[in-house]
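S.K.: Take a look and give me a structure for this.
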Amino acid sequence: MSDQDSARGHNMRTRSSYVLSVDVGTTNLRGIVYDKQASIKGASRKKIKLLHPHPGYVEIDPDVLWADLLDVVQDAIRAAGIKADQISCMGIATQRSTIITWDRETGLPFHNFITWQDLRAADYVKEWNNSYTMKSLNSGSKLLYMVTRKTRYLAASVLRFTSAQVSMRLLWLLKNNAEVRQRANQGQLMFGTVETWLLWKLTGGKVFATDYSNASSTGLFDPFMMEWSTTLFGVLDIPMNILPQVQDTSGHFGSCCPEHFGASIPITAVVGDQQSAMFAQCCYDVGDVKYSMGTGAFIDLNTGRKPHASIAGLYPLVGWKIGDELVYLAEGTVHDSGTCLEWLKAVGLCSDISATSRIAQSVSDSGGVYFVPAFSGLQTPINDDKACAGLIGITRETSKAHITRAVLESLAFRFKLLYETVLTETKIPLNYIRADGGVSNNDFVMQLISDIVAQPIDRPSHVDMTSLGAAFLAGLAVGIWEDKEEFKLLRQTEKVFEPQSTWIMYKPIITEWERAVKRSLKWYKV
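M.R.: This next block holds a predicted model:
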């Protein structure tokens with residue numbers, strides 16, 4: 001019997017079948033205790049406190065996040081009516097590509113977390129994308145594709161850096177923070193995304209690691225070679241000794257120090273938020289599709305053991321790696337989804353976001369109003385960081401309901417662009433579409449998505465799938481659940497939205513919306 005199997009057996013004999021899930025999202029921090037039936041026994045939530053010290057900067061104070069995480073976990077355990085020593089294991093799901101560096105000797109961070117929404121490196125993005133180095137890389141990759149016909153080289157021939165990727169923000173840090181550069185040169189700099197820093201803190205500095213799903217989401221990892229990209233680090237002149245070890249998504253990542261929660265809890269899963277939701281949605285087969293609508297929106301397609309090389313902005317990511325099982329995803333992103341509904345509330349167009357579906361249905365159409373959801377630019381397949389949000393077509397007769405409907409319609413229209421990109425690029429027959437995230441609670445948006453792509457949309461009874469996925473992956477590692485077939489029985493559908501015959505009405509509306517989108521492109525000069 002292996003040490004891992006022995007530990008699994010000992011853990012199941014001495015602890016109850018409770019799993020703790022920690023979900024560090026962009027908007028919320030959650031702690032949830034699940035039982036073996038995947039029922040929530042206790043939960044706690046706090047808002048993530050985003051800081052904006054300068055225009056375009058989006059940060060999180062690591063000390064505040066750490067204190068809030070301790071509070072949320074303790075509150076969730078208390079709400080479950082149990083003690084920490086009754087918890088079998090912990091899974092951690094996090095927002096991806098939000099970075100921090102800290103000192104290897106002191107353990108102290110050099111700065112706040114720089115989130116995936118941060119735009120401070122925009123000039124670096126522009127400079128590098130227009131550089132001779134990038135042009136040479138693109139040209140060389142195009143030549144290699146012509147010789148080898150390998151699609152990974154075709155994707156590299158149109159490769160562009162973006163602000164959402166880690167590379168340019170990390171380069172900005174090394175160029176603009178003298179202490180960070182000095183400690184990097186001395187071999188004393190540690191770099192990681194949220195999960196890596198949390199592992200370091202929870203284990204008292206014993207574990208410096210990430211998993212394949214998070215690593216592949218940084219843009220610093222080569223999913224085709226399954227390793228950190230030596231080429232990229234060489235081109236950018238970034239030392240590779242700052243990087244964490246990459247481990248399987250489900251497995252042993254050390255244990256929490258007992259002083260944090262009153263007992264030492266094994267950490268047995270670390271996973272990126274979208275990959276976690278994909279796992280909880282039971283999208284285990286090639287062609288399965290998940291669409292998560294939270295702060296941003298993400299379409300993920302299971303491509304099996306083969307990463308997809310894209311020229312339209314789909315990212316080839318590792319979904320999860322569990323022993324010999326390796327699953328890749330093709331992901332398309334929209335940075336503004338829930339943020340659009342928050343905007344409606346912030347400017348007084350609605351007082352309750354949950355009422356927007358009813359408000360939108362109170363009018364027969366948007367009255368010729370079109371909304372472009374681009375507070376953070378437009379991503380796949382348009383890929384324009386300089387695009388602006390826009391509201392076009394307002395007249396004296398325009399009401400709050402018309403604007404609300406236009407905003408909700410735009411979220412569905414963005415999905416259509418993503419969906420068509422996935423179909424066209426991957427040429428993989430799609431099995432079904434499963435939706436989750438806070439925005440998926442909006443019936444108007446869900447029904448419209450179903451109508452305009454002519455596909456059923458399956459919404460689960462438990463829409464917070466990110467937390468559940470981390471729990472599933474953690475419990476799998478210690479034997480609470482034996483295999484993925486059990487998860488298929490635990491996942492429950494709350495509603496299936498069947499396509500209605502509204503496409504004829506919406507076809508000209510989408511055409512006009514696309515015209516509005518074109519007006520928003522390349523709006524910002526810097």
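
S.K.: my guess is Trp102 meets Phe113, correct?
M.R.: No - with contact defined as CB atoms under 8 Å, Trp102 and Phe113 do not form a contacting pair (10.8 Å). All C-beta atoms are positioned from the backbone trio N, CA, C, and that covers glycine.

S.K.: shared neighbours of these two, which are they?
M.R.: Common neighbours of Trp102 and Phe113 (criterion: CB atoms under 8 Å, 6 or more residues apart in numbering): Trp197.

S.K.: where does the chain dip in pLDDT?
M.R.: Scanning the chain for pLDDT under 70 picks out 1-15, 137-138, 141-142, 144-145, 149-159, 311, 526.

S.K.: Which helix in it has the most residues?
M.R.: Determined from DSSP state H, the single longest helix within the chain is helix 400-426.

S.K.: Spatially, which residue comes closest to Ala474, not counting chain neighbours?
M.R.: Gly91 (3.2 Å; CB to CB, 6 or more residues apart in numbering).

S.K.: cool, and Pro307?
M.R.: The shortest distance from Pro307 to any non-neighbouring residue, by CB to CB, 6+ apart, is to Pro316 (3.7 Å).

S.K.: Checking the one you found next. Helix, strand or coil?
M.R.: When classified by DSSP: H, G, I helix; E, B strand; the rest coil, Pro316 comes out as strand.

S.K.: As a quick check, tell me the outermost residue of the chain.
M.R.: In terms of distance from the mean C-alpha position of the chain, Arg396 ranks first, at 39.9 Å (CA atoms, centre = their mean).

S.K.: Check this protein for its longest strand and report it.
M.R.: Longest strand of the chain, by residue count under DSSP state E: strand 325-334.

S.K.: Only C-alpha atoms, please: export it in CSV.
M.R.: Extracted C-alpha coordinates of strand 325-334, given in CSV (Å, rounded to 0.1, in the frame of the first residue of the first chain):
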residue,chain,number,x,y,z
GLU,A,325,-5.9,11.7,-16.4
LEU,A,326,-5.2,14.9,-18.3
VAL,A,327,-8.1,17.0,-19.6
TYR,A,328,-7.6,20.1,-21.8
LEU,A,329,-10.1,23.0,-22.3
ALA,A,330,-10.5,25.6,-25.0
GLU,A,331,-11.6,28.8,-23.2
GLY,A,332,-13.1,32.0,-24.5
THR,A,333,-13.5,35.0,-22.2
VAL,A,334,-15.7,38.1,-21.7
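
S.K.: Tell me the secondary structure of Glu494, please.
M.R.: strand.

S.K.: where's it relative to Met240, distance?
M.R.: From Glu494 across to Met240, the span is 46 Å (CB to CB, to the nearest Å).

S.K.: and the nearest residue to Ile322 once chain neighbours are set aside, how many neighbours?
M.R.: With sequence-adjacent residues excluded and distances taken as CB to CB, 6+ apart, Ile322 is closest to Ser250, at 4.7 Å. A count of nearby residues for Ser250, using other CB atoms under 10 Å, gives 26.

S.K.: May I have the residues that are in contact with Ser250?
M.R.: 268-269, 320, 322, 473-474, 476-477.

S.K.: again, only this time at 7 Å
M.R.: Counting by CB atoms under 7 Å, 6 or more residues apart in numbering, Ser250 makes contact with 268-269, 322, 473, 476-477.

S.K.: now swap in Met226 and tell me
M.R.: Contacts of Met226 by CB under 7 Å, 6+ apart: none found.

S.K.: and what of Ile480?
M.R.: Neighbour list for Ile480: 17, 19, 36, 88 [criterion: CB under 7 Å, 6+ apart].

S.K.: ok, 8 Å please
M.R.: 12, 17, 19, 36, 88-89.

S.K.: Select only the buried ones of those in ChimeraX?
M.R.: Remark: buried members of these, expressed as a ChimeraX selection using 16 or more other CB atoms under 10 Å:
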select :17,19,88,89
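
S.K.: Would you mind checking which of the contacts of Ile480 is nearest to Ala516?
M.R.: Val19 (45.9 Å; CB to CB).

S.K.: and the closest one, which of the three is it?
M.R.: Secondary structure, three-state DSSP: Val19 is strand.
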